[in-house]
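In: Sequence isn't available, so here's the structure alone:
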Ligand SMILES: NC(=[NH2+])NCCC[C@H](N)C(=O)O
Ligand SMILES: [Mn+2]
Ligand SMILES: [Mn+2]
């Protein structure tokens, strides 16, 4: 990692989807020793705590767009984008703890204004490329990557006051195995680079990461890692709200993190979708903290 100051921001958000528990993700990650691990690796940690999320009395749906809890998701992401922006301005590495994946809207809004060509690695079973028209669920956690491309509800795309946040050719999706029809169409039309489980099985993780890193190195001036724990196989990361079998293994994920750290290209990261209520003895947060170790330079010898 090029920076030695890390700013941690927790986002206890579960309003981008319908299962309770993912709002406890930041606590679970802290409980699993995230801060201690990074301190061991000699980083200076600035823990900004968790941002307040206003929970409505009952889940609400926007009448025109069927999006769930739109108002609260917009407010939280606006706040997150401002905080992230400040930390990047200070020269710190922003590390965001989710929360459901809708928080990537705020992370990317805060980070990307500092780069001409921000690269994004989307490590996930899903594409999160839906809009209100294509979403099967109305869950905003299935939309953040589309929103960052400028596609979706104006209230979401306008966060941070500029559109779009990322260019399709600067995105690499890794681990996809559940893509809705509209998402596939968008991937095809925009030429987004996707390594599905098919490519990971066929080429192997080392070749996939080498290719992905080479691809981004040539075209970006910073790279954000958005790691959804459901990218991993649910046998190894069971504490997630939308598990999909046939995922990336723990070992492959460690290797991916190590290769990213060797590339020194990463400028920000987030770990999302940890749901301790659905978990087994905090296994998923523990896996996430292990991966953070590799991402930030922990070595076996
Ligand atoms: N971040 C996630 N876990 N996203 C899951 C999205 C699932 C589905 N594609 C949807 O739009 O509802
Ligand atoms: Mn996912
Ligand atoms: Mn996701």
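Out: Good, I have the coordinates. Predicted model only: the values in this text are computed from it and were never measured. Ligands and ions are numbered 1, 2, ... in the order given.

In: ok, then the element right after the top helix by length along the chain?
Out: When the chain is parsed with DSSP state H, its longest helix is helix 70-89. Helices and strands here follow DSSP states H and E; after helix 70-89, the next one along the chain is strand 93-98.

In: in a strand, that's where residue 122 is, yeah?
Out: Yes. Residue 122 forms part of a strand when assessed by DSSP: H, G, I helix; E, B strand; the rest coil.

In: quick one, what contacts the closest residue to it other than its chain neighbours?
Out: Closest residue to residue 122 apart from its sequence neighbours, by CB to CB, 6 or more residues apart in numbering: residue 173 at 4.5 Å. C-beta here means a position set from N, CA and C on the backbone, and glycine is covered the same way. Residue 173 makes contact with 122, 124, 127, 145, 187, 192, 193, 194, 195, according to CB atoms under 8 Å, 6 or more residues apart in numbering.

In: Quick check: residues of the stretch 51-200 of the chain near ligand 1?
Out: Taking CB under 6 Å from any ligand atom, the part of the stretch 51-200 of the chain that reaches ligand 1 is made up of 101, 126, 128, 130, 135, 136, 137, 139, 141, 142, 180.

In: Pick out the residue closest to the middle of the protein.
Out: Taking CA atoms, centre = their mean as the criterion, residue 226 is the residue nearest the geometric centre of the chain, at 2.7 Å.

In: Residue 84 is in contact with residue 111, isn't it?
Out: Yes. Counting by CB atoms under 8 Å, residue 84 does reach residue 111; the two are 5.7 Å apart.

In: who has more neighbours, the two?
Out: residue 84 (29 against 26; other CB atoms under 10 Å).

In: I'd like to know how far the more buried one sits from residue 236.
Out: Residue 84 is 29 Å from residue 236, where distance means CB to CB, to the nearest Å.

In: residue boundaries of the helices in the stretch 151-300 of the chain?
Out: Counting by DSSP state H, counting those that start in this stretch, the stretch 151-300 of the chain has these helices, from start to end: 154-157, 181-190, 197-203, 205-219, 250-263, 283-295.

In: Using CSV, lay out the ones you listed together with mean pLDDT.
Out: Putting the helices of the stretch 151-300 of the chain into CSV (pLDDT from 0 to 100) gives the following:
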stretch, mean pLDDT
helix 154-157, 98
helix 181-190, 98
helix 197-203, 98
helix 205-219, 98
helix 250-263, 98
helix 283-295, 98
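
In: Could you single out the most deeply buried of those?
Out: The densest packing among those, expressed as mean neighbour count by mean count of other CB atoms under 10 Å, is seen in helix 283-295 with a mean of 23.

In: Off-centre distance for it?
Out: Offset of helix 283-295 from its chain centre (CA atoms, centre = their mean, to the nearest Å): 14 Å.

In: just stretch 175-186 next, same as before
Out: 17 Å.

In: picking that back up, give me the distance between the residue nearest to residue 122 and ligand 2.
Out: Plainly put, residue 173 is 11 Å away from ligand 2 if you go by CB to the ion, to the nearest Å.

In: which stretch among the helices of the stretch 151-300 of the chain comes nearest ligand 3?
Out: Taking CB to the ion as the measure, the helices of the stretch 151-300 of the chain were each checked against ligand 3, and helix 181-190 came out nearest at 11.4 Å.

In: Nearest spatial neighbour of residue 265, chain-adjacent residues omitted?
Out: That would be residue 223: by CB to CB, 6+ apart, it lies 4.8 Å from residue 265.

In: Also residue 213?
Out: Beyond its immediate neighbours in the sequence, the residue positioned closest to residue 213 (CB to CB, 6+ apart) is residue 263, lying 4.7 Å away.

In: I'd like to know how many residues surround residue 55.
Out: Neighbours of residue 55 under the rule other CB under 10 Å: 14.
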